[in-house]
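**Q** only geometry, no sequence info:
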């Protein structure tokens, strides 16, 4: 990037161009908001796939339908802590993020069943408060490290038989659900 062109780049694009692939970025906080294009510039400019452990990302503008371009998240297989805001659609891309320990999608426009999360056996904190997720909670029985699941104000349903497997459970938030 030339000196004249530098001023026309967003802060995120400057970061991607300036840092390049030489830094080991382990934490990235973009909670102030980033467009999908800015996120793709960061993803393309930095070697995040092998280093990024924590991502806090709020998309600006209309909700980003992650399922329309799962490559924007699929490569981040080392992630342990993921907080997304202003996303929508299917979350099946998460099944590839098997190192996740903390997943927070509170208040997002995501929907559908969470059964694909059953292989995320490292999960300790699962927050889907006030989303449109639905379906049975039976997948939780495989998440034996789960300490805090928050599924308040969702469309999840079923019984609580799975609780016997959750020996590390500290808190269970199922207010305003279909769980019996």
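**A** Done, it's in. Since we're looking at a predicted model, the values are computed, not measured.
**Q** Could you pull out the helices in this protein for me?
**A** Per DSSP state H, the chain carries helices over the ranges 3-6, 11-19, 36-45, 71-74.
**Q** pLDDT averaged over the second one - what is it?
**A** If I follow you right, that is helix 11-19. Taken as a whole, helix 11-19 carries a mean pLDDT of 60.
**Q** Going forward, the N-terminal residue is numbered 632.
**A** Renumbered: residue one is now 632, and that last one reads helix 642-650.
**Q** any residues touching stretch 695-709, and which ones?
**A** Residues from elsewhere that reach stretch 695-709 (C-beta atoms under 8 Å, 6 or more residues apart in numbering): 667, 670-671, 674, 679-684, 686, 713, 715, 717-725, 727-730. (C-beta placed from N, C-alpha, C; glycine too.)
**Q** Narrow those to those that are buried.
**A** Taking 16 or more other C-beta atoms under 10 Å as the criterion, what is buried in the contacts of stretch 695-709 is 667, 670-671, 674, 679, 683-684, 686, 713, 715, 717-722, 724-725, 727-728.
**Q** which stretches of the protein aren't confidently modelled?
**A** 632-654 (pLDDT under 70).
**Q** Please go through it and pick out the longest strand.
**A** strand 658-665 (DSSP state E).
**Q** So which other helices or strands are in contact with it?
**A** helix 667-676, strand 685-690 (3 or more C-beta pairs under 8 Å, 6 or more residues apart in numbering; DSSP states H and E).
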